[in-house]
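Sequence first, predicted model second:
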Amino acid sequence: MRLDKALASSGYGTRTEVKALISKGLVTVAGNVIKDPGFKINDEDKDLIEVKGAKAGIKDKIYLLFDKPDEVLTAMEDKRLPHVGQFIPANIKNRKISPVGRLDYHTTGLLILTNDGELSHRLTSPTYGISKTYEVTFEGPALTSAEVEEALKGITLTDQDKPVKLHPAKLELTEDANTALLTLTEGKTHEVRRIFARWNRPVAALRRLSVGTLKLDPESIPGDIRELTEDETASLKSLTGMYQEARIQ
């Protein structure tokens, strides 16, 4: 990888700004001043890079938490509509980042963005049963204990050609009679809306609050984006068994 690209991708500025740092002799690799922005670095070099005398944190993998707004496509590109790709910081847009799963156009809330394909696969694969919790605002009467029990046993949807038996889900009532929390461990298309449609309660607003161990910041507002902390990333990897398998190998 080029030195300027590695630094720009790790948050040291745009490629132009990084090239200026390098040309001024402010970047060293293994103690040697490097003034060529195109200098090639390998994996061993990444721990030996310093910027202004401080060790640089060169990142191979990027993990972002994005609070997806309403009317934004879960896509990195689209010629007609606002999309997730427009919110990615410019200095890491070239890092092959993509959404982990998807949220519907009118669903807001927690969306993980990463270039870690293995973690993305594990978080979305039914094999791993990663939980996802949604705050559901609906129309109609308050939910009943019978519906809470039905969700826990596993609802059978009959709105398509063939009946679909869903995995057990946790339905929690709130103080607001028209708001509930629903935790799922699978990702059928429009699953939350279909469940509430079965109960004759149209969904007015849908917001994802958590994926596995990762929770949306309470003060978060749609459009916010930040890097996951090391603890958050480690927790997700542990949840999906990535650390256990690495130790076995």
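That came in fine, so what should we check first?

helix/strand/coil for the residue most central in space within the chain?
Residue closest to the mean C-alpha point of the chain, counted by Cα atoms, centre = their mean, is Ile112 at 0.3 Å. For Ile112, the secondary-structure state derived from DSSP: H, G, I helix; E, B strand; the rest coil is strand.

quick one: contacts for it?
With contact set as Cβ atoms under 8 Å, 6 or more residues apart in numbering, Ile112 has these partners: 63-66, 99-101, 120, 123, 211, 214, 228, 236. The C-beta positions use only the backbone N, C-alpha and C, and glycine is treated the same way.

again with Lys5
Arg15, Asn94.

So which residues of the chain form helices?
Secondary structure of the chain (DSSP state H): helices located at 3-9, 15-23, 117-124, 145-153, 191-198, 230-239, 242-248.

so which of the ones you listed gets nearest Val164?
helix 191-198 (8.7 Å; Cβ to Cβ).

Report the buried residues of the closest one.
Neighbour counts over helix 191-198 (16 or more other Cβ atoms under 10 Å) mark Glu191, Val192, Arg193, Arg194, Ile195, Phe196 as buried.

Output it as CSV, nothing but the C-alphas.
Output in CSV follows, covering the C-alpha atoms of helix 191-198 (Å, rounded to 0.1, in the frame of the first residue of the first chain):
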residue,chain,number,x,y,z
GLU,A,191,-40.2,-8.7,9.0
VAL,A,192,-41.2,-6.2,11.6
ARG,A,193,-43.8,-4.5,9.4
ARG,A,194,-45.3,-7.9,8.4
ILE,A,195,-45.5,-9.0,12.1
PHE,A,196,-47.4,-5.8,13.1
ALA,A,197,-49.6,-6.0,9.9
ARG,A,198,-50.6,-9.5,11.1
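
ok, and what's touching it?
The contact list for helix 191-198 (Cβ under 8 Å, 6+ apart) reads 104, 134, 136, 138, 151, 155, 157-159, 166, 169, 182, 184, 188, 202-203, 206.

Report the separation between Thr185 and Thr213.
Using Cβ to Cβ, to the nearest Å, Thr185 is found at 14 Å from Thr213.

what do you get for Ile92?
Applying Cβ to Cβ to Ile92 and Thr213 gives a distance of 24 Å.

quick one, which of those two is more surrounded?
Ile92 (19 against 14; other Cβ atoms under 10 Å).

Help me confirm that that one comes into contact with Asp60.
No - at 11.9 Å, Ile92 does not count as touching Asp60 under the criterion of Cβ atoms under 8 Å.
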